[in-house]
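this one's structure only:
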């Protein structure tokens, strides 16, 4: 079987290319013998300084960002969508951001809490946040500790159907002893606070009247039109399906931004984004496919690769009594066989131009992965042996294995992103070679990522395997949606554990690591987590997926962080 591997891969790549051409995607690019270089975070320079020539005083500077996914909402209560949360750095700043080295620095605070300055208690259970005395909302209203406490109250209030109550549900008390001080008390030390707390503060003076009138914030106008914010820019307009605008905040308490307006254009696919960047109609794009990098660099677009903790991977649906999963996926041997039946190294080399490599865990390139772990090898013979051992045999000789009258037919779903569809085509053939039929479907992102209440296919249990890129609360390793309590249900429709996996040992380990102040202790706990999830193939890594940014030559003074990409957006500028 091994001697046919290379031929099959090239046939599949040819088919994928023909399909891409039929879809009207970007044309083929002759990349030469060597892959295009990608600037990494370690060598990442600030984009060249602005030209000496000063623009006219009345020039209105507009930077155009190209997004391939539209916001689901803009409220931090109701979204975890990456394309939404990265905008908070310019209109709804976090209490602290992370710089290009992923080190935290205070934004709304006077300083980061530490043991030395008394911001963290000796036992690690009390955090004290001291607010700046000059911070105001975009309408000029002072931001105070009352806004922080109100945010906490709204997250944990059961009348608000929020994306997740974590980590605020870990807080015992939230107090505001004065207008400039917030004190949180936990029952146990909560180590990942820097990566999880205060990621978007709610304006109490705007939203409390809404809550008192409606009993919930679920339908607040502010969720879709947050005209009051707290960043260098303020929301101006969102035309669904087309664009969103953020303009300079005249009441911003920090240095005024150099660019007057951020214009975000929503486009339907990668090809539209690449075309806009090549023609100069866009100043910034992201989620760039590796295959598009050479063409962009030929057009003078700068590419930055920024480690952000993200890895592309497969999530398996285990199911529960309410919505059972496929019986084959309950057997670890079947999941291990799937891992060895897909040639991810060749996929990385051929589909991704060798610019990345297979992922082993959700924490690759972080100091929390047991160094003994290596990606599953491509070994279809071993995969066949495991499937035989598990009792999945092709008894009716139709090419698909079966057991107890159930065919080993699995449904794989992902977004319409081209690289994912190409990946599906290759995986479909390679799994067929070991007797597993993979039905493949793809969806627009807003449908695919819909929660249980929205009828999302992954959250609703319609898919056996679902693929996307995800990571921990980078740069912290904490990961909330593996908890049993995050399984979606009618009572918890926005739960993030779409796998519906409830593993008591995993639950215990994820809980334990949040309390371990000592780095080495926490690291050992994550060694156990990563081994458990890797060996049992609870999640299967496909490729390491750093943030790939495309920047026009007009953008200057740009720095990027893997945690808060637009942390210095006010310093960005445009040169002609």
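Now that the structure is in, tell me what you want to look at. If you're wondering where the values come from, they're calculated on a predicted model, not measured in any experiment.

Find me the pLDDT at residue 79, would you?
On the pLDDT scale, residue 79 is placed at 93.

please begin residue numbering at 434 from this point
Yes, from this point I'll number from 434; that puts the last item at residue 512.

what's the distance between it and residue 596?
Per Cβ to Cβ, to the nearest Å, residue 512 is found 6 Å from residue 596. Every C-beta, even on glycine, is put in place using the N, C-alpha and C of the backbone.

just residue 506 next, same as before
Distance from residue 506 to residue 596, by Cβ to Cβ: 9 Å.

OK, contacts around residue 893?
Contacts for residue 893 (Cβ atoms under 8 Å, 6 or more residues apart in numbering) come out as 756, 885.

Let's see that with 7 Å instead.
Going by Cβ atoms under 7 Å, 6 or more residues apart in numbering, residue 893 touches residue 885.

How is residue 820 assigned, secondary-structure-wise?
helix (DSSP: H, G, I helix; E, B strand; the rest coil).

residues near the nearest residue to residue 776 once chain neighbours are set aside, how many?
Among residues not flanking residue 776 along the chain, residue 811 sits closest, at 4.1 Å (Cβ to Cβ, 6 or more residues apart in numbering). Residue 811: 20 surrounding residues under other Cβ atoms under 10 Å.

and residue 811, what element?
Assigned by DSSP states H and E, residue 811 belongs to neither a helix nor a strand.

ok, now how distant is it from residue 773?
7 Å.

where in the stretch 434-583 of the chain is pLDDT low?
434-491 (pLDDT under 70).

What are the boundaries of the strands in it?
472-473, 495-500, 529-531, 537-539, 559-563 (DSSP state E, counting those that start in this stretch).

Show me what the fourth one pairs with in its sheet, parallel or antiparallel.
Applying DSSP bridges, strand 537-539 is found paired with strand 529-531 (antiparallel).

now the partner strand, how far from the chain's geometric center?
17 Å (Cα atoms, centre = their mean, to the nearest Å).

in it, what counts as buried?
For strand 529-531, a neighbour-count test (16 or more other Cβ atoms under 10 Å) marks 529, 530, 531 as buried.

from those residues, which single one is nearest residue 1004?
Checking the buried residues of strand 529-531 against residue 1004 with Cβ to Cβ, the nearest one is residue 530 at 12.4 Å.

For this structure, just list every one of the helices.
Taking DSSP state H as the criterion, the chain contains helices spanning 438-455, 515-518, 521-524, 578-589, 637-647, 703-712, 726-731, 765-774, 777-783, 813-822, 851-865, 878-881, 937-946, 952-968.

Domains in this protein, by residue range?
524-653, 743-978 (automatic domain parsing).

can these go into TSV with extra columns for distance to residue 662?
Compiled in TSV, the domains of the chain are given as follows (distance: least, Cβ to Cβ, whole Å):
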stretch	distance to residue 662
domain 524-653	4
domain 743-978	23
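
Residue 692: which of those domains is closest?
domain 524-653 (13.1 Å).

thinking again about what came up before, and the domains of the chain: which comes nearest residue 688?
domain 524-653 (12.2 Å).

so how far does that closest one reach from one end to the other?
Start to finish, the residues bounding domain 524-653 are 18 Å apart (Cα to Cα, to the nearest Å).

how close does the nearest residue to residue 755 once chain neighbours are set aside get to residue 876?
Nearest non-adjacent residue to residue 755, counting by Cβ to Cβ, 6+ apart: residue 922, 7.0 Å away. Residue 922 sits 22 Å away from residue 876, going by Cβ to Cβ.

what do you get for residue 522?
Residue 522 is 28 Å from residue 876, by Cβ to Cβ.

These two: which is more packed in?
Neighbour count, other Cβ under 10 Å: between residue 522 and residue 876, residue 522 has more, with 24 against 18.

Check the gap between the more buried one and residue 551 for me.
For residue 522, the distance to residue 551 - Cβ to Cβ - is 28 Å.

which residues touch residue 711?
Taking Cβ under 7 Å, 6+ apart as the test, what residue 711 contacts is 728, 729, 732.

Redo these as CSV? Include distance to residue 931 and neighbour count.
Below are those laid out as CSV (distance: Cβ to Cβ, whole Å; neighbours: other Cβ atoms under 10 Å):
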residue, distance to residue 931, neighbour count
728, 35, 19
729, 33, 23
732, 38, 15
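
Which of these sits closest to residue 802?
Proximity of the contacts of residue 711 to residue 802 (Cβ to Cβ) peaks at residue 729, which lies at 31.4 Å.
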